[in-house]
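>>> Please find the sequence and the predicted model below.
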Amino acid sequence: MTERPHLRLTWFDDRTEATGHLVIDTLGLGVASGGLRMRPGCTMAEVAALARAMTLKEALVYEPGRRYLPFGGAKGGIDFDPRHPEAPGVLRRFVEAVRPLLATHWAVGEDLGTSQEAIDEAVAAAGLRSCVHAALRHVPDGAEAGLDRVARAFAVEVDGLGLGDSVGGYGVVQAVLATLAEHGETPAGKTAVVQGFGSMGGAAARYLDRAGLRVVAIADRVGTVADPAGLDVAALLAGRSRDGLLPRENLPAGARLLDREEWRSCPADVLVTAAVSAAVTAANQAEVRGRYLVEAANVSVTAEAEAALLARGVVVVPDFLANLAANAWWWWTLFGDIGPTGAEAFAMIEKTMWRLAGAVFGSARQTGQTPRAAATAIAEGHRELLRDKLIHG
C-alpha cells in the first residue's frame, strides 16, 4: 500500500503542554475508523503507523454478504499523561477541536490511555450523539436501531466483565488457537505470557487460561508477576485495579515479582503483547523466548524486530489480524450483522478469526510470504473488491 494519508493534523492545547495528532489514512464510504489514545511521548509518526494498521484491519475483515462494508482507517493520539489531573480536560478540548471531522469522517473509540466512557463523555460534550456519529448515516435500518443495539451490547456482562471489555481479548485468543492449529499444534500443555492487564490483556489472559494454556507470567506497568506452575488468572482479574494493575498481595509461594520489562524473557510457547506500541524492538527482540508472538497491541513489534524474530523461527501474528475483533464487533453490532448478545458476538468472532487465520497462513505457505505480507495482500485485495462494489454496485 503506497498511497499517502488522506489527512494529517496537529493540535496544540492552549492550557497545557499537550499536543494532539490525527491521521486519517484512508476513507471508505467517506468514513475512517480508529481509536484515540493518550500517552506521554505520543508522536505523529506513531499515530500515522497506527492509522495505516487500521486501514488494513478494516479491509481484512471484509466478507461479502455482510451489512457492514468496511470503512477506511484513522487514529488519534494525544501526547499527555492520562493519569494527570488535567487529562479529562485535555481530552475534551481535543475532541472539540476535531469535532467537524468527528461529525463527518472519523468514527472514534477508546485506545491506550483512554476509556470508552471518557470518549463518550467528550463526544457528548461536543454536541455529537455518538462516538461513531460519522458512520450512522450508513446503518441500513437507521441510526436509532443501530445505536440501540450497541447500547444493549455494552450492557451485557460476561462472567463479571463487560462484553465490550471481553470481545477484544477473546478474538486474540481465537487467533492464538487458530495459529496453533495452522502449525499442527494444540493448546494442551502450552504456556503463555501476557504483557498488559487492561481490558485487552486481562480478557486475553482469561481466555488463554480457559482454552487450556498455562499463563505463566503477566506484566503491568509496575512489573511482572510470574509463576512457572501457572497463575490463577481468575483471582488476578478479581483483584485487578481500575487502571489495570495486578494484585500483588496473597500470591502463591511459587509466584515471583520481576521487573517490568522481564516479561519478554519469561519462557513460554506464546507471547501476547497487549499494552504499548514498540514493545519489542531490534534492541530487545533477542530476549523473546518461544515459538509464537501474537500482537494484541497495535504496532507492538517494530519492523526490524519482526524480521529478526522471523529469522530465528518465531511466528509473528500481525496486529491487524490478531486484534481486529473489538473493532469488528462494534460494526457488526451497529449494522445488525449480529445481535447484542455475548453468544452471537463470540460465535462471529470465532468464525471470523479462524477463517482469516486459515487464509493468511495458507497464503503464506503457498507464496513464501511472511504472515504480515500475506495478510496485507489479502487486505489490499479486499479493498479492491470494495472499490469495485461501490463503483459498479
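That came through fine.
>>> Residue 112 - nearest residue in space that isn't next to it in sequence?
residue 37 (4.2 Å; Cβ to Cβ, 6 or more residues apart in numbering). (Glycine included, C-beta is placed from N, CA and C.)
>>> tell me the SS of residue 37?
strand (DSSP: H, G, I helix; E, B strand; the rest coil).
>>> Isn't it up against residue 78?
Yes. Judged on Cβ atoms under 8 Å, residue 37 makes contact with residue 78 at a distance of 7.2 Å.
>>> out of these two, which sits in the more crowded spot?
Neighbours per residue, other Cβ atoms under 10 Å: of residue 37 and residue 78, the larger number sits with residue 78, 28 against 23.
>>> pretty sure that one is in a strand, no?
Yes. The assignment for residue 78 (three-state DSSP) places it in a strand.
>>> Run through the residues that contact it.
Applying Cβ atoms under 8 Å, 6 or more residues apart in numbering, we find residue 78 in contact with 18-21, 36-39, 42, 90-91, 94, 113.
>>> Closest one to residue 234 out of those residues, please.
Nearest to residue 234 among those is residue 113, at 26.4 Å by Cβ to Cβ.
>>> Tell me, how many residues neighbour that closest one?
Residue 113 is flanked by 23 other residues according to other Cβ under 10 Å.
>>> and the gap between it and residue 120?
In this view, residue 113 and residue 120 are 16 Å apart by Cβ to Cβ, to the nearest Å.
>>> One more: residue 230?
Distance, residue 230 to residue 120, using Cβ to Cβ: 37 Å.
>>> what's the answer for residue 211, then?
Using Cβ to Cβ, residue 211 is found at 32 Å from residue 120.
>>> now do residue 151
Here the criterion is Cβ to Cβ. By it, residue 151 lies 11 Å from residue 120.
>>> of these two, who's got more company?
More crowded of residue 151 and residue 120, by other Cβ under 10 Å: residue 120, with 16 against 12.
>>> Which neighbouring residues are in contact with the more buried one, exactly?
130-131.
>>> Does it belong to a helix, a strand or coil?
Assigned with three-state DSSP, residue 120 falls in the helix class.
>>> Find residues that contact each of residue 37 and residue 78.
Here residue 37 and residue 78 have residue 113 as joint contacts, going by Cβ under 8 Å, 6+ apart.
>>> Tell me the residue in the chain that is farthest from the middle.
What lies farthest from the middle of the chain is residue 253; by Cα atoms, centre = their mean that is 33.7 Å.
>>> Sticking with it, tell me its helix or strand.
Assigned by DSSP states H and E, residue 253 belongs to no helix or strand.
>>> At the geometric centre of this structure, which residue sits there?
Using Cα atoms, centre = their mean, the residue of the chain that lies closest to the mean C-alpha position is residue 323, 4.3 Å off.
>>> Touching, that one and residue 297? I think so.
Yes. Applying Cβ under 8 Å, one finds residue 323 in contact with residue 297, separated by 7.2 Å.
>>> Quickly list what's touching both of those two.
Shared contacts of residue 323 and residue 297, defined by Cβ under 8 Å, 6+ apart, are found at residue 200.
>>> Can you show me the helices along the stretch 51-200 of the chain?
Taking DSSP state H, counting those that start in this stretch as the criterion, the stretch 51-200 of the chain contains helices spanning 87-97, 99-104, 116-125, 143-154, 167-182, 199-210.
>>> any idea of the pLDDT on residue 243?
At residue 243, the model reports a pLDDT of 86.
>>> Confirm it sits in a helix?
No. Going by three-state DSSP, the assignment for residue 243 is coil, not a helix.
>>> If I take the strand or helix carrying residue 349 and helix 143-154, what angle do their directions form?
Using DSSP H and E, residue 349 maps to helix 342-367. Taking axes from the mean of the first three to the mean of the last three Cα atoms, to 10 degrees, helix 342-367 and helix 143-154 form an angle of 90 degrees between their directions.
>>> if we can go back for a sec, quick one: which of the helices of the stretch 51-200 of the chain is nearest residue 334?
helix 143-154 (4.4 Å).
>>> contacting residues for the closest residue in space to residue 90 that isn't next to it in sequence?
Spatial nearest neighbour of residue 90, chain neighbours left out: residue 18 (4.6 Å); criterion: Cβ to Cβ, 6+ apart. Applying Cβ under 8 Å, 6+ apart, one finds that residue 18 lies in contact with 12, 78-80, 86, 90, 94.
>>> Going by neighbour count, which of the residues you listed comes out on top?
residue 78 leads those on contacts (other Cβ under 10 Å) with 28 neighbours.
>>> separation between it and residue 183?
39 Å.
>>> Same question for residue 17.
From residue 17 over to residue 183 the distance is 48 Å, taken as Cβ to Cβ.
>>> try residue 250
Look at residue 250 and residue 183: by Cβ to Cβ, they are 38 Å apart.
>>> Over to residue 281?
Residue 281 is 25 Å from residue 183, where distance means Cβ to Cβ.
>>> When the two are compared, which one has more neighbours?
Per other Cβ under 10 Å, whichever of residue 281 and residue 183 has more neighbours is residue 281, with 14 against 11.
>>> Surely that one touches residue 303?
No. Judged on Cβ under 8 Å, residue 281 makes no contact with residue 303 at a distance of 9.9 Å.
>>> so how far is residue 69 from residue 125?
Counting by Cβ to Cβ - residue 125 and residue 69 are separated by 30 Å.
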